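Enquirer: predicted coordinates and the sequence they were generated for:
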Amino acid sequence: ERIGVLGIPFSKGQSRVGTEYGPEVLRNGGIVRKLQNLGCHVQDHGDVEVIQVEKDDPEENAKNPRTVGLTSKLIADKVERVLRSEDICLGLGGDHSVAIGTIAGNARVEPDLVVLWIDAHADINTPMTSDSGNIHGMPLAFLVRELESYVTKLPGFEWLSPCIHAKDIAYIGLRDVDAGERKIIEKFGITAFSMQEVDKYGINEVVERALRAVDPEGKRPIHLSFDVDAMDPTLATSARDHAVIGGLSLRETYYIAEEVARTGRLSMVDVAEVNPLLGDEKDKKLTVDMTISVIQRFFGNRRGGCYPPGYDIP
Ligand SMILES: N[C@@H](CC/C=C/[B-](O)(O)O)C(=O)O
Ligand SMILES: [Mn+2]
Ligand SMILES: [Mn+2]
Ligand SMILES: [Mn+2]
């Protein structure tokens, strides 16, 4: 498979600095070479250009709307271009607002895509339901058709039209969901497996039910958006600006990645919210190593072992 790696050094979807260094630390951790060692054809497409709008006052309680909106357009354009020449795009974030552009761009190439959102958070606040005003808590609200009448058209977002249906989304890993988000999930019937369901059914049953819910015939392209804060904070300590304990174990996260890889229908993987400035050097190394080991499983590295296509014993 041909993989196009795209760096998205962005942090204006939230208030901490640091996620703009996500692509750099993941590249320095050897992600390109490690995927090539799996036998994948990997092309690094560099970084998306990030827009910084000087006078960018909050609008409807949403912070940095113009910066986020205009950068999201560049992300969408770049993802579309990458997916026109590669089989899969690996987007290295950047805070989770990058998913506005990655899903919008992917949907231009794969209009029938479904979204698996692996996250402690639902990231579907509208500007009105958000308490923080951080757009990394809102990305899905700008993309879901059923929410269009609830979401103000923010400055910088004029280019964006919602491109997915609520029924095309499945969450795994939720454990910190705001009231407005819970209401949206229930009102529009979004498939959601919180950590409670992971405990109740086990990760294997949760992954199977999530895939069946959004793609019962097993034929639609998958956009997988992975927020590293879905993992237990003991694994991705410096991953996020708001750790939520009781997260996915490394083995549960591996299982999700291996099963989604096994569908053969991955179209894009976002890796969001790696913030190397949070925590100490040890935290940073742990977060990078854990994140890279999970990414490898989205691209064919299986715990049972694997070999390059066409390999046979000499
Ligand atoms: N729901 C909170 C937290 C948002 C979390 C965003 B993250 O999942 O991308 O880390 C908010 O709206 O501020
Ligand atoms: Mn999160
Ligand atoms: Mn997120
Ligand atoms: Mn986060």
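Expert: Cool, the structure landed. Ligands and ions are numbered 1, 2, ... in the order given.

Enquirer: residue 224 against residue 114, yeah?
Expert: No. Using Cβ atoms under 8 Å, residue 224 is not in contact with residue 114; the gap is 9.6 Å. (Glycine included, C-beta is placed from N, CA and C.)

Enquirer: who's more crowded, those two?
Expert: Taking neighbours as other Cβ atoms under 10 Å, residue 224 and residue 114 compare with residue 114 leading, 24 against 21.

Enquirer: number of nearby residues for the closest residue to that one other than its chain neighbours?
Expert: The shortest distance from residue 114 to any non-neighbouring residue, by Cβ to Cβ, 6 or more residues apart in numbering, is to residue 214 (4.1 Å). By the criterion of other Cβ under 10 Å, residue 214 has 21 neighbours.

Enquirer: most proximal residue of the stretch 1-150 of the chain with respect to ligand 1?
Expert: residue 137 (2.3 Å; Cβ to the nearest ligand atom).

Enquirer: what's the pLDDT at that residue?
Expert: pLDDT, residue 137: 98.

Enquirer: now do the contacts for the nearest residue to residue 159 once chain neighbours are set aside.
Expert: Closest residue to residue 159 apart from its sequence neighbours, by Cβ to Cβ, 6+ apart: residue 73 at 4.8 Å. By Cβ atoms under 8 Å, 6 or more residues apart in numbering, the contact set of residue 73 is 101, 156, 159, 160.

Enquirer: and residue 73, what element?
Expert: When elements are assigned from DSSP states H and E, residue 73 belongs to helix 65-85.

Enquirer: assign residue 278 to helix, strand or coil.
Expert: coil (DSSP: H, G, I helix; E, B strand; the rest coil).

Enquirer: how about residue 267?
Expert: strand.

Enquirer: list the residues that contact it.
Expert: Residue 267 sits next to 83, 88, 89, 106, 109, 110, 113, 221, 222, 223 when contact means Cβ under 8 Å, 6+ apart.

Enquirer: ok but residue 116 is inside a strand, no?
Expert: Yes. Assignment of residue 116 by three-state DSSP places it within a strand.

Enquirer: nearest spatial neighbour of it, skipping sequence neighbours?
Expert: Computed as Cβ to Cβ, 6+ apart, the closest residue to residue 116 that is not its neighbour in sequence is residue 224, at 4.8 Å.

Enquirer: spit out the contact partners of the one you found.
Expert: Taking Cβ under 8 Å, 6+ apart, we find residue 224 in contact with 115, 116, 118, 260, 266, 268, 269, 270, 298.

Enquirer: one more time with 10 Å
Expert: Taking Cβ atoms under 10 Å, 6 or more residues apart in numbering, we find residue 224 in contact with 88, 114-118, 256-257, 260-261, 266-271, 298.

Enquirer: next, the angle from whichever strand or helix holds it to helix 65-85.
Expert: Element membership of residue 224 [criterion: DSSP H and E] is strand 222-227. Counting by axes from the mean of the first three to the mean of the last three Cα atoms, to 10 degrees, strand 222-227 lies at 140 degrees to helix 65-85.
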